[in-house]
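Asks: Whatever this is, show me its structure:
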Amino acid sequence: MAQNELIIQSRIDAETFSEFAWFDMLRHRKLWRRPALFAALFAAFAAIAFSRTGRTDGAALLGGVLLAVGLGVPLVYFANFAFSVRKRARQLNANEIAYTLTLAPDGVAVKKGAQSTEYRWDMIYHAYRLERSIPLYVDAGHAFLLTGKNTEAAWNTMTQYLSEGKRA
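Replies: Residues are numbered from 1 along each chain as shown. Next up is the predicted model:
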């Protein structure tokens with residue numbers, strides 16, 4: 001091991017995974033936008049239908065149905081996501097090393113069992129600092145979680161090699 005390398009053995013527990021999954025969905029990928037737009041559109045259609053109450057038969061019923069669908073579908077979407085996150089989090093073994101990351105001046109090396117890969121620092125998409133972990137995105141849809149006692153040192157190392165636009 002070289003003097004300027006930092007090795008992180010990531011163990012992912014249920015709380016860390018849940019924090020990351022919600023962060024990834026809501027903040028990184030911004031997947032709340034379409035359900036919010038859907039709800040807003042159906043609420044607007046419902047408002048139009050409710051404004052016709054008294055002048056058009058069934059307008060209140062149609063407004064109620066539109067509002068129920070507009071709010072219900074996004075609610076089911078988020079509930080389904082929460083259920084899948086809880087289910088996946090229960091399957092994790094917090095004592096098992098998910099993967100080992102080596103942070104070095106030339107980049108990041110990731111090893112899981114017999115598989116390994118390397119990324120130069122300029123190939124890193126983004127790094128975020130969460131309460132329980134540091135998600136290190138190698139592209140827009142794939143991240144490695146840095147967990148454990150060395151996350152502070154890992155973040156300090158990343159600040160040396162990643163521009164401010166690639167870390168938050």
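Asks: So Asn93: helix, strand or coil?
Replies: Taken by DSSP: H, G, I helix; E, B strand; the rest coil, the conformation at Asn93 corresponds to coil.
Asks: quick one, what contacts the residue nearest to the spatial centre of the chain?
Replies: Nearest to the mean C-alpha position of the chain, counting by CA atoms, centre = their mean, stands Asp24 at 1.0 Å. For Asp24, the contacting residues are 135, 143, by CB atoms under 8 Å, 6 or more residues apart in numbering. All C-beta atoms are positioned from the backbone trio N, CA, C, and that covers glycine.
Asks: Distance-wise, check it relative to Ala79.
Replies: From Asp24 across to Ala79, the span is 18 Å (CB to CB, to the nearest Å).
Asks: just to revisit the earlier point, the residue nearest to the centre of the chain belongs to a helix, doesn't it?
Replies: Yes. Inclusion of Asp24 in a helix is indicated when three-state DSSP is applied.
Asks: number of nearby residues for the closest residue to Gly141 other than its chain neighbours?
Replies: Closest residue to Gly141 apart from its sequence neighbours, by CB to CB, 6 or more residues apart in numbering: Arg29 at 7.8 Å. Arg29: 12 surrounding residues under other CB atoms under 10 Å.
Asks: Before we move on, what's the pLDDT of Arg29?
Replies: Arg29 is assigned 96 on the pLDDT scale.
Asks: Now do the contacts for Asp139.
Replies: By CB under 8 Å, 6+ apart, the contact set of Asp139 is Tyr125.
Asks: distance of the residue nearest to Gly141 from Val73?
Replies: 19 Å.
Asks: ditto for Phe20
Replies: Distance, Phe20 to Val73, using CB to CB: 25 Å.
Asks: Neighbour count: these two, which is higher?
Replies: Each of Phe20 and Val73 has its neighbours counted (other CB under 10 Å); Phe20 has more, 23 against 13.
Asks: Surely the more buried one and Ala143 touch.
Replies: Yes. Between Phe20 and Ala143 there is a contact at 7.5 Å, judged by CB atoms under 8 Å.
Asks: what is in contact with the two at once?
Replies: Listed as contacting both Phe20 and Ala143 by CB under 8 Å, 6+ apart are Pro135.
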